[in-house]
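*Asks:* the sequence and its predicted three-dimensional model are supplied below.
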Amino acid sequence: MEASIDLTTTDKRPGVLNVFKCKCPRCRRGDMFANKNPYALKTTMRMNKECPVCGQPFNLEVGFYYGSSYVSYAVSIALSVATFVAWWVLIGFSLQDNRFFYWLAFNAVFLIAAQPYLMRLARTGWLMFFVRYDIDWRTPPAQQLERLNEEQEKNW
């Protein structure tokens with residue numbers, strides 16, 4: 001448990017902001033990942049087995065997070081469109097020079113640098129599709145998993 005978490009408040013946490021903080025979707029307080037720094041590359045994707053605050057299991061089934069690739073793809077496309085528009089407004093594109101190729105290089109470096117955080121963001125977003133915020137998360141226990149084949153968990 002984290003000592004700095006106030007469990008007595010009942011305010012509703014905004015979901016969009018907690019996706020970016022990689023918080024538990026059920027209580028919006030506990031951290032999903034063991035290490036808060038996504039750029040500690042040896043532990044970037046090491047997740048807690050369950051939420052340290054509400055007990056929500058994070059690994060719902062074997063191979064569950066393969067679906068997070070869809071979220072990662074959508075976020076990467078959105079960021080690419082945003083950098084394209086920003087480049088177009090600030091620098092501009094021209095047929096007379098190589099500014100388009102400079103944008104391609106900038107966008108590629110930007111996406112590669114942001115990849116550790118984007119992978120975490122994708123997992124958090126994918127889990128939020130399946131685990132909803134529960135305003136009364138303190139009273140009912142987290143729903144336990146129906147099945148989880150731990151023998152096959154590392155075979156993917």
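*Replies:* Here it is on my side, so go on.

*Asks:* how close does N37 sit to T44?
*Replies:* From N37 across to T44, the span is 9 Å (C-beta to C-beta, to the nearest Å). Bear in mind the C-beta positions are built from the backbone N, C-alpha and C, glycine included.

*Asks:* which of those two has more residues huddled nearby?
*Replies:* Taking neighbours as other C-beta atoms under 10 Å, N37 and T44 compare with T44 leading, 16 against 11.

*Asks:* look up phi and psi at the more buried one.
*Replies:* phi -60, psi -50 (degrees, to the nearest 10).

*Asks:* pretty sure it is touching R123, no?
*Replies:* No - judged on C-beta atoms under 8 Å, T44 makes no contact with R123 at a distance of 10.6 Å.

*Asks:* and the residue nearest the centre of the chain, what does it touch?
*Replies:* Most central in the chain under C-alpha atoms, centre = their mean is L121, positioned 1.9 Å from the mean C-alpha point. By C-beta atoms under 8 Å, 6 or more residues apart in numbering, the contact set of L121 is 19-20, 22, 71-72, 75.

*Asks:* now it: which helix or strand?
*Replies:* helix 99-130 (DSSP states H and E).

*Asks:* return the set of buried residues in that helix.
*Replies:* 103, 107, 116-128 (16 or more other C-beta atoms under 10 Å).

*Asks:* what do you get for stretch 19-26?
*Replies:* Buried, per 16+ other C-beta under 10 Å, within stretch 19-26: 19, 22-26.

*Asks:* quick one on the thing from earlier: turn the contacts of L121 into JSON lines, columns for pLDDT and secondary structure.
*Replies:* Formatted as JSON lines, the contacts of L121 follow (pLDDT from 0 to 100; DSSP: H, G, I helix; E, B strand; the rest coil):
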{"residue": "V19", "pLDDT": "81", "secondary structure": "helix"}
{"residue": "F20", "pLDDT": "88", "secondary structure": "helix"}
{"residue": "C22", "pLDDT": "89", "secondary structure": "coil"}
{"residue": "V71", "pLDDT": "92", "secondary structure": "helix"}
{"residue": "S72", "pLDDT": "93", "secondary structure": "helix"}
{"residue": "V75", "pLDDT": "94", "secondary structure": "helix"}
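
*Asks:* rebuild those as CSV, extending it with distance to W87.
*Replies:* Compiled in CSV, the contacts of L121 are given as follows (distance: C-beta to C-beta, whole Å):
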residue, distance to W87
V19, 26
F20, 23
C22, 28
V71, 24
S72, 22
V75, 18
